[in-house]
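[1] show me how the following folds:
(2 chains)
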Amino acid sequence: MKQRLLPLYVVSVYAFLHVPLLILCAFSFNSSRFTVWESFSLVWYRAMWNDAALAEATWNSLLIALASTVIATAVGTLAAYGLWKKNARLLAGSLYLSLVTPEIITGIALLATFQWAFRYFQLQLGMHTVILAHVTFSIAYVLLVVMVRLRTADPALEEAALDLGATEWQAFRLVTLPMLRPGIAAAALLAFTVSFDDYVITSLVAGVDSETLPMMLYAMARRGANPVVSAISTVILVGLGALILASERLQKS
Amino acid sequence: MGDLSLDAIYKDFPSHRVVDGISLTIPQGCFYSLLGPSGCGKTTTLRMIGGFDEPDRGTIQLGGRTLNGLRPYQRPVTTVFQNYALFPHLTAAENIAFGLERRRDPDAARKVQAALDIVQLSAKAGRLPAQMSGGERQRTALARALVVEPELLLLDEPLSALDPKLRKQMRLELKELQARIGITFLFITHDQEEALSLSDQIAVMHKGRLEQIGTPQQIYLQPATRFVAGFLGAVNWVGDVGVRPELTRISREAPAPGARVLEATVNSSMFLGDCLQVETRTPAGDHIIAQIAHGLGEFRRGDRVHVWWRPDDEMALPQ
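    Modelled structure (predicted):
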């Protein structure tokens, strides 16, 4: 009895998790605009491909994700290294706070900060504010992933490098950094994913020139079921899924 | 090149004093051991010489040059770390080349090859640490520290991670290597057998202080304190007098005059392979253990015996 129930249980959990996504996927290949199956077709993918506004939003999203990933990975890695060197457990633990803060609160806080800052600088909401906002929430992810890698590192390795004539900077660059490389790569992939995904914070701090793909999808979806949305979602799912898998691989190596 | 001298070195950790006023001089070319139980401050002393910790007070000099305040890379000193601390992403040859590359040594390739030859690792030059045996890692760490031609080599319990058989073999190799290259070795260990067999000089450390400095013979045969006597080997104590079990004799008949004799009763007799260990108890309640060669008689529980030793073998150490 037990032997038969367990597979059934597993199947239902996975079904619960993945069936909605599969339905979305399936209807993106449907020739009809309605949720009734007619025949296989790539018409919505063609429509997606030819949509100029969609292309611009995708471009914005990629640009924001790339820029914030580069900045957050660099800053987060150095911060993780500093916390590890100083053995600052409390500071490291406080990072979880930024992970559990509701996105809407982070978004409102960032918006308030930007508006306050704009009273002193002649600036407006736009790509730069979105990138900054993404950097702030990505750093925590980068820190945590890199810290995991550092926790298994032997502090004697840097001492050995210094002992053999390396300066502190050389010890970091030649010994610690190569050791952290898989962790840093995994952190970067994760940062890219969370940036590319984000809707709530982005929509609050975006300007007129910085509509992202999730924002556009949200707007389209609100106007009613649209197979183009399904097609875009399918492409994003496959792309981000591949990134997450790659990130997991790197963290294990 | 020159002698290493520590002058009144103190080091406090937040909870207690780890090094409590250590002064010693290590002659150039000497194989010198710092021997003591774990927590006695020997590793902290080594770290201060290497430049990984700074003393709170006192000066460290090498050949008359003060090392205090110099970063590890500014000191003509290298270290073989306890767990070797080999760079995991570099091969044996690359690990060994690391120090030479920092110095932009134009002769690096030849020196790496020579170092690999010395430690007999030429065949394993391309291996990563994870692909090497414990002994090979140990040799790589040794070659890596020696190839930059330091004036002083620090060794932090380098044999403790090896299995007992390999440890004895590496002990021989280490001694031979030091004799051949002639630089000063400062060897940290808690293993008295290791210290006795390797060293020209031993300093015994206990609770942050030096208990005694001397040759292995002096330390073993004429310990300055009860701690030293007990740390280096077993001792039979009779009041203020101690004697080592292997210098204690046992017989049924009274020995010739001149010996120190006690009457005793046998408690147990144990075969230890290389000797027979007989445990006895005197009427005064002292436990006296004698380790004797095979064929000097058999002893059973309850036997009345004489235990005795030569007055020269006594260690007089008031409590």
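[2] show me the contacts for residue 57.
    This is for chain A. Residue A:57 makes contact with A:211, A:212, A:213, A:215, A:216, according to C-beta atoms under 8 Å, 6 or more residues apart in numbering or on different chains. To be clear about C-beta, it is placed using only N, CA and C from the backbone, and glycine gets the same treatment.
[3] oops, I was thinking of chain B
    The contact partners of residue B:57, by C-beta under 8 Å, 6+ apart, come to B:8, B:9, B:10.
[4] of the residues you listed, closest to residue B:116?
    If you rank these by distance to residue B:116 using C-beta to C-beta, residue B:9 comes first, at 36.5 Å.
[5] helix, strand, or coil at the closest one?
    Three-state call for residue B:9 (DSSP: H, G, I helix; E, B strand; the rest coil): strand.
[6] what count of nearby residues applies to it?
    Applying other C-beta atoms under 10 Å in any protein chain shown, we find 24 residues neighbouring residue B:9.
[7] can you give me the pLDDT of the closest residue in space to it that isn't next to it in sequence?
    Of all residues not flanking residue B:9 in the chain, residue B:58 sits nearest, at 3.7 Å (C-beta to C-beta, 6 or more residues apart in numbering or on different chains). Note on residue B:58: pLDDT of 96.
[8] what does residue A:2 give?
    Listed pLDDT for residue A:2 reads 67.
[9] contacts only, for residue 34.
    Because you didn't say which chain, this covers chain A. Residue A:34 sits next to residue A:225 when contact means C-beta under 8 Å, 6+ apart.
[10] right idea, wrong chain: chain B
    By C-beta under 8 Å, 6+ apart, the contact set of residue B:34 is B:42, B:45, B:46, B:186, B:187, B:188, B:189, B:202, B:203, B:205.
[11] just the element for it, please.
    According to DSSP states H and E, residue B:34 maps onto strand B:31-35.
[12] over to residue B:213?
    Residue B:213 is part of strand B:209-214, with elements assigned from DSSP H and E.
[13] and that strand, average pLDDT?
    Averaged across strand B:209-214, the pLDDT comes to 96.
[14] show me how far stretch B:146-156 is from its chain's centre.
    In terms of C-alpha atoms, centre = their mean, to the nearest Å, the centre of stretch B:146-156 is found 17 Å from the chain centre.
[15] next, residue B:270: phi, psi?
    Taking degrees, to the nearest 10, you get phi -130, psi 130 for the backbone angles of residue B:270.
[16] tell me the bridge partners for it.
    Residues in a beta bridge with residue B:270, per DSSP bridges, are residue B:277.
[17] hmm, it is touching residue B:279, no?
    Yes - Residue B:270 is within contact range of residue B:279, at 7.5 Å (criterion: C-beta atoms under 8 Å).
[18] could you give the number of residues near residue B:202?
    A total of 28 residues lie near residue B:202 under the criterion other C-beta under 10 Å.
[19] just residue A:207 next, same as before
    The number of residues packed near residue A:207 is 14, by other C-beta under 10 Å.
[20] got a list of what it touches?
    Neighbours of residue A:207 in contact, by C-beta under 8 Å, 6+ apart: A:124, A:125, A:126, A:127, A:129, A:130.
[21] distance check, the fourth one against residue A:111.
    Residue A:127 is 15 Å from residue A:111, where distance means C-beta to C-beta, to the nearest Å.
[22] just the element for residue A:55, please.
    Here residue A:55 is assigned to helix A:52-85, by DSSP H and E.
[23] buried residues in that helix?
    Within helix A:52-85, the residues that count as buried by 16 or more other C-beta atoms under 10 Å in any protein chain shown are A:54, A:57-58, A:60-61, A:64-65, A:67-69, A:71-73, A:75-77, A:79-81, A:83-84.
[24] do stretch A:176-194 as well
    The neighbour-count check on stretch A:176-194 (16+ other C-beta under 10 Å) flags A:176, A:179-180, A:183-194 as buried.
[25] before we move on, what about stretch B:35-55?
    B:35-36, B:40-53, B:55.
[26] how about stretch A:205-212?
    By neighbour count with 16+ other C-beta under 10 Å, stretch A:205-212 contains the buried residues A:205, A:206, A:210, A:211, A:212.
[27] contacting residues for the first one?
    To tie it back to what came earlier, the one meant is residue A:205. With contact taken as C-beta under 8 Å, 6+ apart, residue A:205 is in contact with A:107, A:110, A:111, A:114, A:125, A:129, A:130, A:132, A:133.
[28] need the contact list for the last one.
    The one in question is residue A:133. A:107, A:110, A:201, A:202, A:205.
[29] angle of whichever strand or helix holds it against helix A:52-85?
    Taking DSSP H and E as the criterion, residue A:133 maps to helix A:127-151. When axes from the mean of the first three to the mean of the last three C-alpha atoms, to 10 degrees is applied, the directions of helix A:127-151 and helix A:52-85 differ by 40 degrees.
[30] what comes into contact with the very next helix or strand once past helix A:127-151?
    For helix A:127-151, the succeeding helix or strand toward the C-terminus, using DSSP H and E, is helix A:156-163. The contact list for helix A:156-163 (C-beta under 8 Å, 6+ apart) reads A:168, A:170-172, A:174-176, A:179, B:50-52, B:71-73, B:77-79, B:81-83, B:85-88, B:98, B:145.
[31] quick revisit: need the contact list for the residue nearest to residue B:9.
    The contact partners of residue B:58, by C-beta under 8 Å, 6+ apart, come to B:6, B:7, B:8, B:9, B:10, B:21, B:22, B:23.
[32] if you set the cut-off to 7 Å instead, what comes out?
    Applying C-beta atoms under 7 Å, 6 or more residues apart in numbering or on different chains to residue B:58 gives the contacts B:6, B:7, B:8, B:9, B:10.
[33] and the two most separated of the contacts of residue A:57?
    Farthest-apart pair in these is A:211 and A:213; separation 8.4 Å (C-beta to C-beta).
[34] mind listing which of the contacts of helix A:156-163 are in helices?
    A:168, A:170, A:171, A:179, B:50, B:98, B:145 (DSSP state H).
[35] understood, closing this out.
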